[in-house]
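J.: Starting from these lines, generate the structure:
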Amino acid sequence: MARDMHDSLGRRLSLVSVRAAALQVSELPAAQRQAVGELADCARDAVTELYQLIGSLRGATNDNPDESPGIDHVGAVVEDFRTAGVEVTVDEQGDRSRLPTAADRAAYRVVEEGLTNAAKHGAGRSVAVRMTWETDALVLTVSNPVTADGASPGGFGLAGLRERVQAAGGFLDHRLHPDGEFRLVAMLPVAEPDTSPQPRPSRFRTAVGLATAGVLFVLLPASLLTGVS
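T.: Modelled structure (predicted):
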């Protein structure tokens, strides 16, 4: 319940804040501009209070992934943010495959959380969503510049997202790069994770190794990968 409150209400309150910010810079009479500013402040305060409430609920959460949307709904959430004034580009590469239920729901939440954080911490900046379909894995990347006075995203939203992705057999990483771009990267299995008692090599594990190497090249500075200081 706590995760769904964060995912759904957090996104919608962020959209209210974005729309209010857009109205503040439009040609409005002074009194109406002040009212819009107060609306934006209320929306931001509501987001803060929501996250505090979620923090108190996280001790006992039971998530039912079947009640959440999946990858097919990503287009709809992207359009929501575009309508609110956020510039979002989507790049999908490879042949789309079927995702297990948990991975399907997690993929949607990765994009939703990435867009929500971008609207909150990188207002007025463009957001890039990339979906790369490998043989046995989907690699999702949401990246956006963070404003000079903006804080790096973090807290319960990303912590809960990591739990959701890991429960689906995937991998999640996020960090702020020196160039000021925040990047959220998730890798989710296309095939169901192997639950047999005897561990054995699988095509997904091979894909995870290759994809992880690619993710590291994207996320880590070149000096760390080459050993050059």
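J.: need the strands for this structure, in chain order.
T.: Ranges of strands in the chain, per DSSP state E, are 88-93, 127-133, 137-145, 171-176, 181-189.
J.: low pLDDT regions in this protein?
T.: Low-confidence segments of the chain (pLDDT under 70): 1-8, 24-25, 48-49, 51-68, 123, 147-156, 192-229.
J.: can I get the strands of the chain in CSV with mean neighbour count?
T.: Using the backbone N, CA and C atoms, a C-beta is placed for each residue, glycine as well. Output for the strands of the chain, formatted as CSV (neighbours: other Cβ atoms under 10 Å):
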stretch, mean neighbour count
strand 88-93, 13
strand 127-133, 19
strand 137-145, 23
strand 171-176, 18
strand 181-189, 23
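J.: can you put those in TSV and add distance to residue 10?
T.: Output for those, formatted as TSV (distance: least, Cβ to Cβ, whole Å):
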stretch	distance to residue 10
strand 88-93	17
strand 127-133	16
strand 137-145	15
strand 171-176	16
strand 181-189	15
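J.: With respect to residue 78, which of those strands lies nearest?
T.: Minimum separation from residue 78 across the strands of the chain (Cβ to Cβ) falls at strand 88-93, 5.2 Å.
J.: Please identify the buried residues of stretch 23-41?
T.: Residues of stretch 23-41 classed as buried: 23, 36, 39, 40 (neighbour count, 16 or more other Cβ atoms under 10 Å).
J.: Before I go, just wanted to say thanks for your time.
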